[in-house]
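J.: What follows is a predicted protein model with its sequence.
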Amino acid sequence: MCGIIGVLGSHQAAPIMVDALRRLEYRGYDSAGIATIHEGALDRRRAVGKLVNLSDLLVENPLAGRSGIGHTRWATHGAPNVANAHPHQSGSVAVVHNGIIENFRDLRKELGKNGVNFESDTDTETIAQLIARELKAGKAPVDAARDSIAQLEGAFALAILFDGEEDLLIAARRGSPLAVGHGDGEMYVGSDAIALAPLTDQITYLDEGDWCVLTRAGVEIFDVHNQPVTRITKQIKLDSARIEKAGHKHFMAKEIAEQPTVLANALAHYLNDDASIQLPDGLPDFSAVDRLIMVACGTAYYACQTAKYWFEQLAGLPVEIDVASEFRYREPPIGSSNVALFVSQSGETADTLAALRYCSGKASDILSVVNVPESSIARESSVALPIYAGVEVGVASTKAFTCQLAVLAILALRAAQQRGCLTDAEVAKHVDALRTVPGLVNLALGIEPSVERLANELAKARDILFLGRGAMFPLALEGALKLKEISYIHAEGYASGELKHGPIALVDEDVPVIVFAPTDPLFDKTVSNMQEVMARSGKVLLVTDATGAERAREGTWDTLVMPECDPVFAPIIYAIPAQMLAYYTALAKGTDVDQPRNLAKSVTVE
Ligand code: M6R
């Protein structure tokens, strides 16, 4: 959470930083702020709420200077107000921070005893106060920063600027990602390569525990033991056009619409023309694996839940899944014939990364399915499988979900083949079915006008239920998550057969019940559960194909007709109505679709 940027440039830094913060706003938008050095003096501007408030403030009260640091905040310690907004300054030092300083109470107490007065409730101000104390003790800026960083516990990415030092910026990384950007006589730091995309494509990712000294001439990097180290500089190709809305009203709308293209792209990376599977070297032989452990958070977790059906039904492989925040603390036993697989769009989710580290050295292999190939999760895996979804900006994950499913389906087919559960010919049949998915997703996008009409009704509801059976159950959970996170309507997903064990008490004529039911072997059972809802005046929206609609639409409130598809891969295609219903309901309610309240795209704190 929180995005940081640092610039040692040859032009005015404020507009460059505001532009970079715009690209980082997906990490948090509770407040924003920048600090620059002009004619040797440090100055800052901070504003509560969206970045636009900071831009307005800068119009009234500009900030000059070619060196600066900036921040967009997702509040952890202290309310979203100006005093708690970054940069935090103490005397001649200003700091921006992403992460949580876990020992800040002890440090604050100790500084307080030495007469330090705090202006904010944040953990971050402690860092500025610590460095200021070291400077007062006569240390040079670099030494003061190094010795202060050594006292910090917890997770952080930092950028630090000093009064009177126009050609010096110190940055550090522990737990939270940080990228150094190399320009021509200019240097940058940013939370990710997206922030730096228009400034440079030459990126060095700091390793865990690294800190560095930037000047316009370059960067010196030190490891956790303060030893100088060299880290690889890579050319990161990021198409800035793909970070724009491309004519859509919201990033989420653009990302929903992109799915046929990105899915086709993802499949093309892993499937050969002869319907065989092409996966990177280094993957385990699944015939020797006795358990697959899958761990993720949020939407990525629902992708794992869906894939569990594929690994179990197609490959006969026992699967254990858990949300990362629970997995790591229940200390599950892991054997050397277990494979651990982590799924994450960002590749930086703190709990997922911690769960991966828990499994390292215990499981035979650490695999990941990620969208950001340079992310911490990808780098700490034995094999990382990119999903090729392209940059996802909307807080609500859409195209990353379907691309995660596509890659997990291919991995399940490989496992099925190796474990002798499917013949090569059977795998090829599934591959052919998978190849039809981008086209079917494209057809599914055609339900948009119907969804828009239904969403105007859904927007009036206080509670909405989603039902599904088999692999449609995780999709019911995903549909409910999508709806609540962007429309703020309370929604729950249930396995259709579970409804009568309690939740059916919620059903009345005011609670819409959305049922995902492609014509598959479980269709009749799902329809029976749907009848139970309708018998209690429930208002059912049936999402099915033409065959299913023909058989079961009678008595429903409405039906969304999807293209006919292979039931195995239906969860990928039925993700479209789940996403669109959430999007148009949020639109009808007038909520902030791309930046819903209280959320951030990348959850880099526990
Ligand atoms: O980057 P990750 O995939 O690890 O993120 C996991 C969740 O935070 C994420 O899927 C979240 O639930 C989305 N906002 C859901 O739309």
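T.: Received the coordinates, thanks.

J.: who's in contact with residue 155?
T.: 99, 100, 102, 174, 175, 176, 350, 604, 605, 606 (C-beta atoms under 8 Å, 6 or more residues apart in numbering). All C-beta atoms are positioned from the backbone trio N, CA, C, and that covers glycine.

J.: Kindly recompute the last result at 6 Å.
T.: Residue 155 makes contact with 99, 100, 175, 176, according to C-beta atoms under 6 Å, 6 or more residues apart in numbering.

J.: Let's have those in CSV, adding distance to residue 198.
T.: Shown next, in CSV, are those (distance: C-beta to C-beta, whole Å):
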residue, distance to residue 198
99, 26
100, 30
175, 27
176, 23
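
J.: Adjacent strands (with direction) for the helix or strand containing residue 213?
T.: Assigned by DSSP states H and E, residue 213 falls within strand 211-215. Applying DSSP bridges, strand 211-215 is found paired with strand 169-174 (antiparallel), strand 218-222 (antiparallel).

J.: ok, residues contacting the helix or strand just after the last one?
T.: Per DSSP H and E, strand 218-222 leads on to strand 228-229 as the next helix or strand towards the C-terminus. Contact partners of strand 228-229, identified using C-beta under 6 Å, 6+ apart, comprise 221, 222, 223.

J.: Same question for stretch 524-540.
T.: 469, 496, 499, 507-509, 512-513, 515, 517, 552, 555-557.

J.: try 7 Å this time
T.: By C-beta atoms under 7 Å, 6 or more residues apart in numbering, the residues outside stretch 524-540 that reach it are 467, 469, 496-497, 499-500, 504, 507-509, 511-513, 515, 517, 542, 552, 555-557.

J.: Same question for stretch 594-606.
T.: By C-beta under 7 Å, 6+ apart, stretch 594-606 touches 1, 25-29, 74, 76, 98-100, 155, 176, 250-252, 297, 346, 348-351, 393-395, 485-486.

J.: Let me see the ranges of the helices in the stretch 1-150 of the chain.
T.: Applying DSSP state H, counting those that start in this stretch to the stretch 1-150 of the chain gives helices spanning 13-24, 51-60, 104-113, 124-136, 141-149.

J.: export those helices to TSV and tack on distance to residue 525, mean neighbour count and mean pLDDT?
T.: Formatted as TSV, the helices of the stretch 1-150 of the chain follow (distance: least, C-beta to C-beta, whole Å; neighbours: other C-beta atoms under 10 Å; pLDDT from 0 to 100):
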stretch	distance to residue 525	mean neighbour count	mean pLDDT
helix 13-24	47	24	94
helix 51-60	49	16	95
helix 104-113	54	15	94
helix 124-136	54	24	96
helix 141-149	58	21	97
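
J.: For residue 381, find the nearest of these.
T.: Of all the helices of the stretch 1-150 of the chain, helix 13-24 sits nearest to residue 381, with 24.9 Å by C-beta to C-beta.

J.: Kindly format the C-alpha coordinates of the closest one as CSV.
T.: Output of helix 13-24 as CSV, limited to C-alpha atoms (Å, rounded to 0.1, in the frame of the first residue of the first chain):
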residue,chain,number,x,y,z
ALA,A,13,10.3,17.9,-10.1
ALA,A,14,6.7,18.7,-8.9
PRO,A,15,4.8,18.0,-12.1
ILE,A,16,6.9,14.9,-12.8
MET,A,17,6.1,13.6,-9.3
VAL,A,18,2.4,14.4,-9.5
ASP,A,19,2.3,12.5,-12.8
ALA,A,20,4.1,9.5,-11.3
LEU,A,21,1.8,9.6,-8.3
ARG,A,22,-1.2,9.5,-10.7
ARG,A,23,0.2,6.1,-11.9
LEU,A,24,0.7,5.0,-8.3
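
J.: Now do it and helix 51-60, the angle between them.
T.: Between helix 13-24 and helix 51-60, the angle comes out at 170 degrees (axes from the mean of the first three to the mean of the last three C-alpha atoms, to 10 degrees).

J.: thinking in terms of the whole chain, how far from its middle is helix 13-24?
T.: Its chain's average C-alpha position is 21 Å from that of helix 13-24, according to C-alpha atoms, centre = their mean, to the nearest Å.

J.: now what about it, what contacts it?
T.: Residues contacting helix 13-24 (C-beta under 7 Å, 6+ apart): 3, 5, 7, 9, 32, 34, 36, 51, 54-55, 58, 62-63, 65-68, 70, 72, 190-191, 194-195, 197, 243.

J.: Any regions of this structure where pLDDT drops low?
T.: Within the chain, the stretches with pLDDT under 70 are 238-243.

J.: got the contact list for the residue of it found nearest the ligand?
T.: Here the chain gets closest to the ligand at one residue, residue 298, 1.9 Å apart by C-beta to the nearest ligand atom. Under the criterion of C-beta under 7 Å, 6+ apart, the neighbours of residue 298 are residue 481.

J.: Give me the distance between it and residue 339.
T.: 22 Å (C-beta to C-beta, to the nearest Å).

J.: Please apply the same query to residue 249.
T.: 42 Å.

J.: quick one: which of those two has more around it?
T.: residue 339 (24 against 12; other C-beta atoms under 10 Å).

J.: Now do the SS call for the more buried one.
T.: What DSSP: H, G, I helix; E, B strand; the rest coil gives for residue 339 is strand.

J.: Which strand residues bridge it?
T.: Bridge pairing for residue 339 - DSSP bridges - gives residue 292, residue 365.

J.: And it, how far from residue 384?
T.: 14 Å.

J.: mind checking which helix or strand residue 321 is in?
T.: Using DSSP H and E, residue 321 falls in strand 319-323.

J.: ok, and what's touching that strand?
T.: 291, 292, 293, 294, 295, 297, 301, 304, 305, 308, 311, 312.

J.: make it 10 Å
T.: 291-298, 300-302, 304-305, 307-312, 327-328, 330, 332, 334, 338, 340-341, 343, 351-352, 355, 412, 474 (C-beta atoms under 10 Å, 6 or more residues apart in numbering).

J.: Let me know whether the helix or strand following it sits next to the ligand.
T.: With elements assigned by DSSP H and E, the helix or strand that comes after strand 319-323 is helix 324-330. No: using C-beta under 6 Å from any ligand atom, we find that helix 324-330 stays clear of the ligand, coming within 8.1 Å at best.

J.: Can you lay out the helices of the stretch 1-150 of the chain as a markdown table showing distance to the ligand?
T.: Formatted as a markdown table, the helices of the stretch 1-150 of the chain follow (distance: least, C-beta to the nearest ligand atom, whole Å):
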| stretch | distance to the ligand |
| --- | --- |
| helix 13-24 | 15 |
| helix 51-60 | 20 |
| helix 104-113 | 24 |
| helix 124-136 | 22 |
| helix 141-149 | 27 |
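
J.: Report how many residues lie close to residue 380.
T.: 17.

J.: Isn't it up against residue 348?
T.: No: taking contacts as C-beta atoms under 10 Å, residue 380 lies outside contact range of residue 348: 11.1 Å.

J.: Mind checking the strands paired with strand 211-215 for the one nearest to residue 593?
T.: strand 169-174 (31.6 Å).

J.: Past that closest one, which element shows up next along the chain?
T.: Elements were assigned by DSSP H and E; along the chain past strand 169-174, the next helix or strand is strand 179-182.

J.: which of the contacts of helix 13-24 count as buried?
T.: 3, 5, 7, 9, 32, 34, 36, 51, 54-55, 58, 63, 65-68, 70, 72, 190-191, 194-195, 197, 243 (16 or more other C-beta atoms under 10 Å).

J.: Could you tell me which of the residues you listed belong to strands?
T.: In strands, judged by DSSP state E, the following of these are found: 3, 5, 7, 32, 34, 36, 67, 68, 70, 72, 190.

J.: ok, the fourth one - contacts?
T.: Contact analysis of residue 32 by C-beta under 10 Å, 6+ apart lists 3, 17-18, 21-22, 24-25, 45-55, 57, 70-73, 85-86.

J.: With the third one instead?
T.: When the contact criterion is C-beta under 10 Å, 6+ apart, the partners of residue 7 are 13-14, 16-17, 20, 34, 36, 65-70, 159, 161, 169, 181, 183, 186-190, 196, 199, 214.

J.: This completes my enquiry, with thanks.
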